[in-house]
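Chemist: Based on what follows, work out the 3D shape:
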Amino acid sequence: MEIIRSKGLKGELAVPGDKSISHRGIMLGAISDGVTEITNFLQGADCLSTISCFRKMGISIENEGNVVRIHGKGLRGLKEPAEILDAGNSGTTTRLISGILCGQNFSCQLTGDDSIQKRPMNRIITPLRQMGADISSLKGNGCAPLSITGRNLHGIHYASPVASAQVKSCVLLAGLYGDSPTSVTEPYLSRNHTELMLRYFGAEVSSADTTASVQPDPKMTGQHIEVPGDISSAAYFIAAALIVPHSEVLLKNVGINPTRDGILRVCRRMGADITLLNQKDRGGELTADILVKSSDLKGVTIEGEIIPTLIDEIPIIAVLAAHARGTTVIKDAQELKVKESNRIDAVVTEMSRMGASIEGTDDGMIINGGTALCGAAINSRQDHRIAMSFAVAGMTADGVTRIENDECISISYPDFFRDLESLQK
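Modeler: Below you'll find the model as predicted:
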């Protein structure tokens, strides 16, 4: 895809459903009793991988596009798959489903694409083994493929060394099959979609500070889930509207869960003109329409407990920082190194290629804003968030920006370029 300088963005848009909530809706629907109906489900490759895995374990799932119905069979209703479970490019699928599989009465193998087979899985293997799980890395390198044999599990209190919703969710889901309560304490609070949805389906979940706890063997029943727009997908249009002159964009029905809204808080600190309209509470998930106007931005320091609330948005925040007055410093973001790509290296390399003043650090980056960007050939590294971030950067650059291997965007936002084009003046 080739991107040229934009003359301005105008209009309104409904971004695709939240990826995190779509994943969890399939998983909890499958292990609950009765039918779960999900509307505004994200039809991205990652979420389709989750559907595929549960179908292989005997769960009937009707996918009609905007509506998905899961015919759940309860906590212990899954069947041994006849083939290897393939999570594709989805770290969420791989890590969360592992917690469920460890409590079953069968054996299976779980794998994914080349990227997944390089991502660290010891972070879930360690706590699951503390619970008595039989889980191992088949290659002995702490990565997928994983071999899992279901067992009776024990409840634990796990002090996670990282603030990761995937680790926390994996342990809590395994805790449903424990013999006593299970809790997870994080250094900072990560996104809490799992806790909210477990409670919505009928599980007994409590949260205090950075600790979440679940009681074992709950009676969960199918529910209706209306998935809000994904704030991580909205972030690209928020950024584009802020940095492209003469822009005004309204993003409809976007999730603004406080454990996910760090992008909004950072943008406001940078001086962004952002207004939240029509705020609602849908089953514990907050939503709003987000009105964004072109703004004069300033550099800020981003660190500490806000990082888990915007970890997926840091590449697009770096693009914002390149357009801001002064210096932006991003710290405590080591997690970027173990995403679909090493996002610190990717952002620094590709932003430098476009002429930005940027320096990578061990846990983040330093961006000196105000340098005019020039078009370049961008190596997406098959990472959807890198591809979309640099598509936005190209909208203010001189010349043409070419996004290589842009098909990776289908992982989370198949219609991204179409929606971007729809807002062009």
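Chemist: Could you tell me how far the closest residue to L423 other than its chain neighbours is located from I238?
Modeler: Nearest residue to L423, sequence neighbours excluded (CB to CB, 6 or more residues apart in numbering): L9, at 4.2 Å. To be clear about C-beta, it is placed using only N, CA and C from the backbone, and glycine gets the same treatment. Applying CB to CB, to the nearest Å, the value for L9 to I238 is 11 Å.
Chemist: Pull up the overlap in contacts between those two.
Modeler: Counting by CB atoms under 8 Å, 6 or more residues apart in numbering, the shared contacts of L9 and I238 are V249.
Chemist: Per the annotation, how does the chain divide into domains?
Modeler: 2-16+228-422, 19-226 (automatic domain parsing).
Chemist: can I get those in CSV with mean neighbour count?
Modeler: Formatted as CSV, the domains of the chain follow (neighbours: other CB atoms under 10 Å):
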stretch, mean neighbour count
domain 2-16+228-422, 20
domain 19-226, 20
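Chemist: I'd like the ones you listed as TSV, with mean pLDDT appended.
Modeler: Shown next, in TSV, are these (pLDDT from 0 to 100):
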stretch	mean pLDDT
domain 2-16+228-422	96
domain 19-226	97
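Chemist: helix/strand/coil for K168?
Modeler: helix (DSSP: H, G, I helix; E, B strand; the rest coil).
Chemist: Also I148?
Modeler: Per three-state DSSP, I148 ends up strand.
Chemist: from what I can see it touches G103, true?
Modeler: No: I148 is beyond contact range of G103, at 9.9 Å (criterion: CB atoms under 8 Å).
Chemist: Show me where the stretch 251-400 of the chain has its helices.
Modeler: Taking DSSP state H, counting those that start in this stretch to define them, one finds helices in the stretch 251-400 of the chain at 262-269, 314-322, 343-353, 384-393.
Chemist: could I have the longest one exported to PDB, CA atoms only?
Modeler: As requested, C-alpha coordinates have been extracted for helix 343-353 and formatted as PDB (Å, rounded to 0.1, in the frame of the first residue of the first chain):
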ATOM      1  CA  ARG A 343       8.600  -3.000  18.400                       C
ATOM      2  CA  ILE A 344      11.300  -0.800  19.900                       C
ATOM      3  CA  ASP A 345      13.700  -1.800  17.200                       C
ATOM      4  CA  ALA A 346      11.000  -1.600  14.500                       C
ATOM      5  CA  VAL A 347       9.700   1.900  15.500                       C
ATOM      6  CA  VAL A 348      13.200   3.300  15.900                       C
ATOM      7  CA  THR A 349      14.500   1.900  12.600                       C
ATOM      8  CA  GLU A 350      11.500   2.900  10.500                       C
ATOM      9  CA  MET A 351      11.000   6.300  12.000                       C
ATOM     10  CA  SER A 352      14.700   7.000  11.400                       C
ATOM     11  CA  ARG A 353      14.200   6.000   7.800                       C
END
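Chemist: Can you list the helices and strands that it packs against?
Modeler: helix 314-322, strand 357-361, strand 364-368, strand 377-379, helix 384-393 (3 or more CB pairs under 8 Å, 6 or more residues apart in numbering; DSSP states H and E).
Chemist: got it, and the shortest one?
Modeler: On a contact count with 3+ CB pairs under 8 Å, 6+ apart, helix 262-269 meets helix 231-243, strand 273-282, helix 314-322.
Chemist: and the angle for that helix with helix 314-322?
Modeler: Here helix 262-269 runs at an angle of 10 degrees relative to helix 314-322 (axes from the mean of the first three to the mean of the last three CA atoms, to 10 degrees).
Chemist: how distant is helix 262-269 from the center of its chain?
Modeler: Averaged C-alpha coordinates place helix 262-269 at 18 Å from its chain's average position (CA atoms, centre = their mean, to the nearest Å).
Chemist: Could you number the chain from 677 rather than 1 from now on?
Modeler: Sure thing, new numbering starts at 677, so read that last one as helix 938-945.
Chemist: what does that helix rub up against?
Modeler: Contacts of helix 938-945 (CB under 8 Å, 6+ apart): 907, 911, 914, 918, 932, 950, 952, 966, 976, 978, 982-986, 989, 992-993, 996.
Chemist: dump the residue contacts of the nearest residue to P837 once chain neighbours are set aside.
Modeler: Using CB to CB, 6+ apart and skipping residues adjacent in sequence, the residue nearest P837 is P863, 7.3 Å away. By CB under 8 Å, 6+ apart, P863 lies in contact with 836-839, 886.
Chemist: beta partners for I1034?
Modeler: Beta-bridge pairing for I1034 (DSSP bridges): I1043.
Chemist: That one is in contact with G1045, isn't it?
Modeler: No: I1034 sits out of contact with G1045 when judged by CB under 8 Å, with a separation of 9.6 Å.
Chemist: joint contacts of those two?
Modeler: Residues touching both I1034 and G1045 (CB under 8 Å, 6+ apart) are A998.
Chemist: thinking again about what came up before, now distance to D957 too, for the helices and strands packed on helix 1019-1029, in CSV please.
Modeler: Compiled in CSV, those are given as follows (distance: least, CB to CB, whole Å):
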stretch, distance to D957
helix 990-998, 27
strand 1033-1037, 39
strand 1040-1044, 33
strand 1053-1055, 39
helix 1060-1069, 28
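Chemist: Out of these, which is closest to N716?
Modeler: helix 1060-1069 (19.1 Å; CB to CB).
Chemist: That closest one vs helix 1019-1029, what angle?
Modeler: Using the same axes, to 10 degrees: helix 1060-1069 against helix 1019-1029 is 20 degrees.
Chemist: So what touches helix 1060-1069?
Modeler: Helix 1060-1069 has contacts (CB under 8 Å, 6+ apart) with 677, 679, 908, 912, 915-916, 919, 988, 991-992, 994-995, 998, 1015-1017, 1019, 1022-1023, 1026-1027, 1030, 1049, 1054, 1056, 1077, 1079, 1081-1082, 1084-1089, 1092-1093, 1096.
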